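Novice: how does the following fold in three dimensions:
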Amino acid sequence: MFLNKLIKNQYKEIFFKNYCTINNNKPLNGFKILDLSRVLAGPYATQIFGDLGAQVIKVENVGKGDDTRQYGPPFYVDEQGRKGSAYFSCANRNKKSIALDISTKQGQDIVYSLAKESDVFIENFKVGGLKKYSLDYESIKKINPSIIYCSITGFGQDGEYSKLPGYDFSVQAMGGLISITGDKENPYKCGVAIVDMMTGLYANIAIQAALHHREKSINKIGQYIDVSLLDVQASFLANHGSSYLITGETSERVGNSHPSISPYDSLKTKDGFMVVAIGNNSQFQSMCNVLNLPHLSTNPLFSTNPSRVLNRKQLLSILTNETLKFNTDHIVKLLGDSNVPCSPINSIDKVVNHKQIKHRNMIWNLPLNENENNNNLNNNNNLNNNNNNNNNNNNNNNNNNNNNNNNNNNNNNNNNNNNNNNNNIQNDKGEYIMNSINLIGNPIHFSETNIHTPSSIKSNIPPPFLGQHTDEILKNIGLNENQILNLKNNNIVQ
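Specialist: A predicted model of the protein is given here:
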């Protein structure tokens with residue numbers, strides 16, 4: 001009952017003023033996200049909110065936490081022995097973690113107090129899973145009518161499949177993606193959990209649309225959002241889906257080939273593989289000239305895209321005979337210089353060390369032991385923003401004048417960080433001992449709210465350890481140390 005009273009008193013103001021409101025120059029600064037989701041789809045959606053400046057509180061189970069904390073190896077530990085997993089880290093930066101038991105009345109009261117002042121509530125429990133805890137939309141809406149409540153499930157909130165659990169792999173199969181991925185004999189899943197990630201993107205888009213609608217409405221009423229993995233998978237069948245709806249014929253697996261474009265495929269080289277993505281006849285002609293096959297572009301069998309698709313097998317055989325004469329880097333450069341879309345098939349180490357990735361500041365190095373310090377840095381930066389505009393302007397000018405130097409320094413730092421990752425020491429459990437973590441950053445680049453400047457990257461919070469911020473959150477909603485200790489002794493929080 002004590003937390004119900006807190007909802008109505010001064011502590012709700014203290015909490016979000018002192019804890020959640022981190023002023024920054026990021027585009028979603030000021031929005032508050034309450035995240036009860038787990039695994040990948042929901043956490044991926046909320047990580048995007050965090051990257052863009054929203055304040056995200058991640059609610060996790062006592063003891064276990066998010067399932068992906070156990071997905072591994074690889075695992076890592078910081079100098080204090082706190083454990084994390086690489087899987088968890090890919091979708092949970094820029095969040096604060098509170099571990100609590102939502103099956104208890106005290107745990108539910110804590111969620112109520114957080115939901116009261118949140119803009120968004122996101123969860124991915126089974127259909128009806130939160131109703132027994134009175135944390136479903138109808139219950140939360142009574143506390144906060146303006147809340148945007150998003151539920152992510154495998155198959156949606158209604159229909160005969162709605163009660164079934166949904167996982168990326170099974171939905172890739174049920175939703176048709178695996179049927180069009182792989183070669184003729186062997187169907188394959190996508191190399192990453194693409195359905196989960198696409199669902200996270202759609203959920204994020206839907207929530208931002210609902211927030212925009214709420215801001216335009218007179219009464220500022222929120223709404224409920226139902227997003228399912230299967231719906232999302234069906235939606236991004238793209239041209240395969242539209243082709244079936246027009247012709248009534250299903251697509252066949254064609255390996256790395258494109259069903260409607262050729263050559264749009266992988267080709268073997270002397271030392272590996274490359275891909276070409278020929279989108280028009282001019283590009284095909286340029287490719288033929290580079291490969292000393294100028295006659296091929298005028299051959300009726302290959303002169304147009306439909307003819308090339310029809311005679312794909314013969315065309316790929318001719319092209320491969322020529323690309324086998326070149327090393328990958330050499331032929332990629334020759335084709336690239338002739339404006340032919342192509343690329344080597346890079347392993348992940350080559351991707352994260354790619355000079356363009358480094359130039360774009362896409363690898364973010366975040367100290368693991370400075371979560372609290374980062375918050376203080378943000379607050380200090382806000383004071384500087386409010387009281388020292390001239391200094392900020394000078395800094396901006398300096399940043400602009402020295403942009404190239406900064407980029408070079410960042411690239412050097414990224415090189416060092418990548419080397420540090422390669423040299424991380426493992427303990428006797430095979431866990432990597434790390435002071436900081438390298439993460440692939442957010443791919444969105446803004447002109448006015450740049451999230452890839454050195455200072456902006458530094459302001460990011462690394463993936464939290466389980467319950468890392470429980471005490472901080474509880475203190476900021478008015479609980480004292482004795483009350484927190486009592487909750488811990490009763491395994492209500494961790």
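Novice: model confidence score at the spatially closest residue to residue 244 that is not a sequence neighbour, please.
Specialist: Once flanking residues are discounted, residue 244 sits nearest to residue 250: 5.7 Å by C-beta to C-beta, 6 or more residues apart in numbering. Just so you know, the C-beta spots here come from the backbone N, C-alpha and C atoms, and that holds for glycine as well. Predicted confidence (pLDDT) for residue 250: 94.
Novice: and for residue 424?
Specialist: 72.
Novice: ok, now which ones touch it?
Specialist: Taking C-beta atoms under 8 Å, 6 or more residues apart in numbering, we find residue 424 in contact with 76, 432-434.
Novice: Throw these into JSON lines and include secondary structure, distance to residue 54 and pLDDT, thanks.
Specialist: Shown next, in JSON lines, are those (DSSP: H, G, I helix; E, B strand; the rest coil; distance: C-beta to C-beta, whole Å; pLDDT from 0 to 100):
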{"residue": "76", "secondary structure": "strand", "distance to residue 54": "26", "pLDDT": "96"}
{"residue": "432", "secondary structure": "strand", "distance to residue 54": "30", "pLDDT": "94"}
{"residue": "433", "secondary structure": "strand", "distance to residue 54": "32", "pLDDT": "94"}
{"residue": "434", "secondary structure": "coil", "distance to residue 54": "27", "pLDDT": "93"}
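Novice: tell me which two in these are the farthest apart.
Specialist: Comparing every pair within the contacts of residue 424 by C-beta to C-beta identifies 76 and 433 as the most remote, at 7.3 Å.
Novice: looking at the two, which is more packed in?
Specialist: Set side by side, residue 76 and residue 433 show unequal neighbour counts under other C-beta atoms under 10 Å, the larger going to residue 76 at 22 against 13.
Novice: now the closest residue to the more buried one other than its chain neighbours: how far from residue 474?
Specialist: Spatial nearest neighbour of residue 76, excluding adjacent residues (C-beta to C-beta, 6+ apart): residue 432 at 4.2 Å. Between residue 432 and residue 474 the computed distance is 31 Å (C-beta to C-beta, to the nearest Å).
Novice: who's more crowded, those two?
Specialist: Each of residue 432 and residue 474 has its neighbours counted (other C-beta under 10 Å); residue 474 has more, 23 against 17.
Novice: and that one, what does it touch?
Specialist: Residue 474 sits next to 98, 110, 483-484, 487, 493 when contact means C-beta under 8 Å, 6+ apart.
Novice: buried subset of the residues you listed?
Specialist: The neighbour count (16 or more other C-beta atoms under 10 Å) marks 98, 110, 484, 487, 493 as buried among the contacts of residue 474.
Novice: Three-state assignment for the first one, please.
Specialist: Just to be clear, that refers to residue 98. Under DSSP: H, G, I helix; E, B strand; the rest coil, residue 98 falls in the strand class.
Novice: hmm, it is touching residue 58, no?
Specialist: Yes - the criterion here is C-beta atoms under 8 Å, and residue 98 meets it with residue 58 at 7.3 Å.
Novice: could you single out the nearest of the buried ones among the contacts of residue 474 to residue 463?
Specialist: Using C-beta to C-beta, those come closest to residue 463 at residue 98, 14.4 Å.
Novice: now residue 455: which helix or strand?
Specialist: Per DSSP states H and E, residue 455 falls inside helix 454-458.
Novice: what does the pLDDT read for residue 369?
Specialist: On the pLDDT scale, residue 369 gets 81.
Novice: which non-adjacent residue is nearest it?
Specialist: residue 78 (5.8 Å).
Novice: and if you look at residue 150?
Specialist: In this structure, residue 150 finds its nearest non-sequential neighbour in residue 225, 4.1 Å apart by C-beta to C-beta, 6+ apart.
Novice: would you confirm that residue 488 contacts residue 479?
Specialist: No - using C-beta under 8 Å as the test, residue 488 is too far from residue 479 to be in contact (11.1 Å).
Novice: between those two, which one's more packed in?
Specialist: Between residue 488 and residue 479, counted using other C-beta under 10 Å, the more crowded position is residue 479 (21 against 17).
Novice: distance-wise, check that one relative to residue 487.
Specialist: From residue 479 to residue 487 the distance is 8 Å (C-beta to C-beta).
Novice: isn't residue 352 up against residue 440?
Specialist: Yes - counting by C-beta under 8 Å, residue 440 is a contact partner of residue 352 at 7.1 Å.
Novice: what do the two both touch?
Specialist: Shared contacts of residue 352 and residue 440 (C-beta under 8 Å, 6+ apart): residue 363.
Novice: next, the contact list for the residue nearest to residue 369, please.
Specialist: Residue 78 makes contacts with 84, 368-369, 433-435, 465, as judged by C-beta under 8 Å, 6+ apart.
Novice: need the phi and psi values for it.
Specialist: phi -90, psi -170 (degrees, to the nearest 10).
Novice: mind pulling up the pLDDT for it?
Specialist: Listed pLDDT for residue 78 reads 93.
Novice: which one of residue 352 and residue 440 has more residues nearby?
Specialist: Neighbours per residue (other C-beta under 10 Å) separate residue 352 from residue 440, with residue 352 holding more: 18 against 13.
Novice: the helix holding residue 455 packs against which elements?
Specialist: Counting by 3 or more C-beta pairs under 8 Å, 6 or more residues apart in numbering; DSSP states H and E, the packing neighbours recorded for helix 454-458 are helix 371-387.
Novice: can you rerun that using 6 Å?
Specialist: If contacts are counted by 3 or more C-beta pairs under 6 Å, 6 or more residues apart in numbering; DSSP states H and E, helix 454-458 sits against no helix or strand.
Novice: buried residues, the next helix or strand after that helix. List them.
Specialist: Later in the chain than helix 454-458, the nearest helix or strand by DSSP H and E is helix 470-476. By 16+ other C-beta under 10 Å, the buried positions in helix 470-476 come out as 470-471, 473-476.
Novice: part of a helix, is the residue nearest to residue 150?
Specialist: No - counting by three-state DSSP, residue 225 falls outside a helix, being strand.
Novice: model confidence for it, exactly?
Specialist: On the pLDDT scale, residue 225 gets 98.
Novice: one more: residue 382?
Specialist: 41.
Novice: and for residue 462?
Specialist: 97.
Novice: thinking it is in contact with residue 369, fair?
Specialist: No - in this structure, residue 462 is not within contact of residue 369 by C-beta atoms under 6 Å, at 9.0 Å.
Novice: compare the two (neighbour count), which wins?
Specialist: A count of neighbours by other C-beta under 10 Å puts residue 462 above the other of residue 462 and residue 369, at 26 against 14.
Novice: once you drop chain neighbours, what's closest to the more buried one?
Specialist: residue 366 (4.0 Å).
Novice: can you give the contact residues for whichever strand or helix holds the one you found?
Specialist: Assigned by DSSP H and E, residue 366 falls within strand 363-367. Contacts with strand 363-367, where a contact means C-beta atoms under 6 Å, 6 or more residues apart in numbering, come from 352, 414, 417, 436-439, 441, 457, 460, 462.
Novice: ok, and the most crowded of those residues?
Specialist: residue 462 (26 neighbours).
Novice: how many other residues sit next to residue 452?
Specialist: For residue 452, the neighbour count with other C-beta under 10 Å is 17.
Novice: now it. Its backbone dihedrals?
Specialist: The phi and psi values for residue 452, taken as degrees, to the nearest 10, are phi -110, psi 10.
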